[in-house]
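In: Following is a predicted model, sequence given first.
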Amino acid sequence: MTVGASSTAGAHAYGDPAYWDQRYRQDPGPFDWYQKYKTLAPLLDLYLRRSHRLLLVGCGNSELGEHMIADGYQDVVNIDISSVVVEAMQKKYQDKPQLKYIKMDVRDMNSFEDGSFDAIIDKGTLDSLMCGQNAQHNATKMLEEVGRVLKDKGVYILITYGDPSYRLHLLRDLHLWNIHVHVIDRMEKSSEQKTWELTRPLPLNEDGSSVAAIIGANNEVHYIYVCIKEKSLRQDQNEGVEH
Ligand SMILES: C[S@@+](CC[C@H](N)C(=O)[O-])C[C@H]1O[C@@H](n2cnc3c(N)ncnc32)[C@H](O)[C@@H]1O
């Protein structure tokens with residue numbers, strides 16, 4: 001995760017709230033990690049409805065929420081662990097009732113009831129936890145909470161630099177969702193260069209090697225894991241049912 005102004009910070013820092021507070025104090029932004037709304041919009045259109053209740057986890061000072069409500073989304077709740085950024089965003093958007101900002105740890109969202117959201121968008125937040133200490137433990141806690149506050153059939157959209165060999169087992173271990181993988185170029189490409197069709201999911205086998213086989217090694221893409229919650233998968237897992 002080397003994008004952004006403070007790329008000299010050690011990888012561990014990304015999992016540390018004090019690091020983010022300091023960063024947002026120094027650099028109020030706005031800044032969008034990885035991708036902006038404009039490039040993601042066709043994919044979001046595929047999975048989301050304008051009336052959906054949405055949660056953006058680890059929102060930072062990204063303009064994603066602002067652009068989403070400008071495009072017709074009506075209820076966008078944003079959380080972040082940094083009080084510095086949350087206070088700044090509350091002030092910035094005080095005249096936008098469709099956008100709410102709450103200071104909250106994504107690993108413990110106990111103020112939200114089970115099944116509160118139709119969709120959850122994560123752009124760079126699971127990645128941050130994966131860069132910190134106790135990465136595996138924190139990532140699992142986060143994903144359990146994401147799964148809990150999502151409605152059945154709701155969607156968790158994870159935008160990450162992590163290819164399936166790093167992310168798929170983590171997501172699948174929860175036995176909670178059906179997963180589609182999309183890819184998007186990291187940089188804008190000229191018209192002659194090969195680009196990926198964002199709205200078409202790639203074929204996904206058990207270990208995700210089917211994705212690498214198609215896009216090749218060292219490809220400059222971001223991966224988008226669209227995880228559709230299926231409560232019955234968890235029930236089947238608990239009851240030992242095989243599909
Ligand atoms: C890489 S930035 C991504 C920011 C934004 N989503 C974007 O796309 O530009 C990661 C964000 O996650 C937040 N974060 C880190 N750990 C968190 C946690 N445990 N709970 C909630 N937010 C967290 C950080 O404060 C930071 O704003």
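Out: Everything's here; your move. Computed from a prediction, not measured in an experiment: that's the story for all the values here.
In: what are the ranges of the strands in the chain?
Out: Assigned strands in the chain, in chain order: 53-57, 75-80, 99-103, 117-123, 150-160, 177-185, 221-229 (criterion: DSSP state E).
In: Need the pLDDT of L143.
Out: You'll see L143 listed with a pLDDT of 98.
In: where are the low-confidence patches of this structure?
Out: Applying pLDDT under 70 to the chain flags the ranges 1-11, 188-194, 218, 241-243.
In: ok, now which ones touch the residue nearest in space to the middle of it?
Out: In the chain, the centroid-proximal residue (CA atoms, centre = their mean) is D122; its distance is 1.5 Å. Residues in contact with D122 (CB atoms under 8 Å, 6 or more residues apart in numbering) are 56-58, 146, 156-160. C-beta: built from backbone N, CA, C; applies to glycine.
In: would you list the residues you listed in TSV and tack on neighbour count and distance to Q235?
Out: Formatted as TSV, the contacts of D122 follow (neighbours: other CB atoms under 10 Å; distance: CB to CB, whole Å):
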residue	neighbour count	distance to Q235
L56	24	29
V57	27	25
G58	26	29
V146	27	18
Y156	26	18
I157	23	24
L158	26	23
I159	24	29
T160	20	28
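In: Closest to the ligand out of the residues you listed?
Out: Comparing the contacts of D122 against the ligand with CB to the nearest ligand atom places G58 closest, at 2.7 Å.
In: Nearest spatial neighbour of that closest one, chain-adjacent residues omitted?
Out: T125 (2.9 Å; CB to CB, 6 or more residues apart in numbering).
In: Just confirm that neighbour contacts L64, I think it does.
Out: No. Applying CB atoms under 8 Å as the test, T125 and L64 come out as separate, 11.9 Å apart.
In: which phi and psi does G216 have?
Out: Phi and psi for G216, reported as degrees, to the nearest 10, are phi 80, psi 170.
In: burial count for it?
Out: When neighbours are defined as other CB atoms under 10 Å, G216 has 8 of them.
In: what's the answer for Y34, then?
Out: Here the number of neighbours of Y34 (other CB under 10 Å) works out to 20.
In: for it, what are its contacts?
Out: Shown in contact with Y34 (CB under 8 Å, 6+ apart): 3, 123-124, 159-161, 186, 222.
In: where does it sit relative to the ligand, distance-wise?
Out: Using CB to the nearest ligand atom, to the nearest Å, Y34 is found at 6 Å from the ligand.
In: ditto for F117
Out: Taking CB to the nearest ligand atom, one finds F117 at 15 Å from the ligand.
In: That residue touches V155, doesn't it?
Out: No. Using CB under 8 Å, F117 makes no contact with V155, being 9.4 Å away.
In: ok so, going back, any idea how far the ligand is from the residue nearest to G58?
Out: 4 Å.
In: Pull the contacting residues for that residue.
Out: By CB under 8 Å, 6+ apart, the contact list for T125 reads 57-58, 106, 142.
In: Quick check: closest non-adjacent residue to P201.
Out: Distances taken as CB to CB, 6+ apart place H180 nearest to P201, at 4.0 Å, with adjacent residues excluded.
In: That concludes my questions; thank you for your assistance.
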